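*Asks:* turn this into a model:
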Amino acid sequence: MTNLIRERMKEVRYFYVPDAATATELPADEAMHAAKVLRLHAGDTIFLIDGKGCFYRAELDMISSKHCFYHLVETLPQRKSWQGHIHLVIAPTKNIDRIEWMSEKATEIGFDNLSFVRCAYSERTVIRRDRIEKVVVAAVKQSRKPYVPEVGELVSFDDFIHHPLSGHKFIAHCYDEIPKTELYKELDALSPDDDVTVLVGPEGDFSIDEVKAAMACGFGPISLGQSRLRTETAGLAAVMMCNLKKQFV
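*Replies:* The predicted structure follows:
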């Protein structure tokens, strides 16, 4: 059996290395995974993701329990499968596992930014950004995405809506007395390469004053469909709609 056939039979391994183009060693956590979990050896081929739009084919030079050195063999520029910029802004749920699940699945689908807001009816007022970033990175490797979504800190609703944002801004809400349009229809009217930001509220929805304040700041009121969705489901639905409407054709 030739070396080429052996290589093709092996499972391709992807590692997240933000400075892959200039570094020669895997980060500590990735090195430990390569050595202790995957039991890779010198001479094995791996692929690196820099999170900024490039994959790299590399070959391991030396591997120990704590260190994993490599050299680059090939640079493989990538592009996103969607156009423009997709930004989801969401109030974290009381059960943070649900938000971590959503972060993972939204990353697998594809988006650019994940921000968190503290609202009038929020049941959670703190998050561990580093933990969510780890979930996102794991999802990037699993789904082989060339870009790592940026994860923001938890900020107040008022601070966020007054922060300058590019492109089109929407706020999803459930109030019958405030007219709204379907997000999917709004996206139909936009160019695929337009930037889009979607605000999703906590389990108890935004307060009506928050919706009005966001509208005063240029956020268009929208619905995500006829069903009443959980927060994390609404966030995922928004990402899916944006991604589908912004796919390259």
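*Asks:* in the protein, what spans have low per-residue confidence?
*Replies:* Within the chain, the segments meeting pLDDT under 70 span 1-10, 248-249.
*Asks:* one more time with 50
*Replies:* Within the chain, the segments meeting pLDDT under 50 span 1-9.
*Asks:* okay, now the domains of it?
*Replies:* The chain breaks down by the TED database into domains covering 14-77, 85-246.
*Asks:* can you tell me the SS state at S166?
*Replies:* Secondary structure, DSSP: H, G, I helix; E, B strand; the rest coil: S166 is coil.
*Asks:* ramachandran angles for it?
*Replies:* For S166, the backbone dihedrals (degrees, to the nearest 10) come out as phi -90, psi 160.
*Asks:* so it versus L72, what's the distance?
*Replies:* In this structure, S166 and L72 are separated by 34 Å, where distance is defined by CB to CB, to the nearest Å. Just so you know, the C-beta spots here come from the backbone N, C-alpha and C atoms, and that holds for glycine as well.
*Asks:* report the buried residues of stretch 206-226.
*Replies:* Neighbour-count burial for stretch 206-226 flags 206-207, 210-215, 219, 221-224 (criterion: 16 or more other CB atoms under 10 Å).
*Asks:* from start to finish, how long is that stretch in a straight line?
*Replies:* Counting by CA to CA, to the nearest Å, the length from the leading to the trailing residue of stretch 206-226 is 18 Å.
*Asks:* contacts for that stretch next, please.
*Replies:* Residues from elsewhere that reach stretch 206-226 (CB atoms under 8 Å, 6 or more residues apart in numbering): 119-121, 157-158, 161-162, 168-173, 175, 177-183, 186, 198-199, 201, 234, 237-238, 241.
*Asks:* so which of the buried residues of stretch 206-226 are in helices?
*Replies:* E210, V211, K212, A213, A214, M215 (DSSP state H).
*Asks:* turn those residues into TSV, including distance to A28.
*Replies:* Below are those laid out as TSV (distance: CB to CB, whole Å):
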residue	distance to A28
E210	42
V211	45
K212	49
A213	44
A214	42
M215	47
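*Asks:* give me whichever of the domains of the chain is most buried.
*Replies:* Between the domains of the chain, domain 85-246 has the highest mean count of neighbours, a mean of 18, where neighbours are mean count of other CB atoms under 10 Å.
*Asks:* so M32, which of the three states?
*Replies:* Assigned by three-state DSSP, the conformation of M32 is helix.
*Asks:* same check on D61?
*Replies:* When the structure is split into helix, strand and coil by three-state DSSP, D61 lands in strand.
*Asks:* what do you get for I171?
*Replies:* Applying three-state DSSP: I171 is strand.
*Asks:* just list whatever residues bridge to it.
*Replies:* L199, P221 (DSSP bridges).
*Asks:* quick check, it in contact with L199.
*Replies:* Yes - applying CB atoms under 8 Å, one finds I171 in contact with L199, separated by 4.2 Å.
*Asks:* tell me where this structure has strands.
*Replies:* Defined through DSSP state E, the strands belonging to the chain, from first to last, are 14-16, 45-49, 54-63, 68-77, 86-90, 113-118, 150-156, 168-172, 181-182, 196-200, 220-223.
*Asks:* what residues of stretch 78-86 count as buried?
*Replies:* By neighbour count, and taking 16+ other CB under 10 Å as the criterion, the buried residues in stretch 78-86 are K80, W82, Q83, G84, H85, I86.
*Asks:* next up, the contacts around the first one.
*Replies:* Taking CB under 8 Å, 6+ apart as the contact definition, K80 lies against G53, G110, P146, Y147.
*Asks:* I'd say the second one and S81 touch.
*Replies:* Yes - in this structure, G110 sits in contact with S81. The criterion is CB under 8 Å, and the distance is 5.9 Å.
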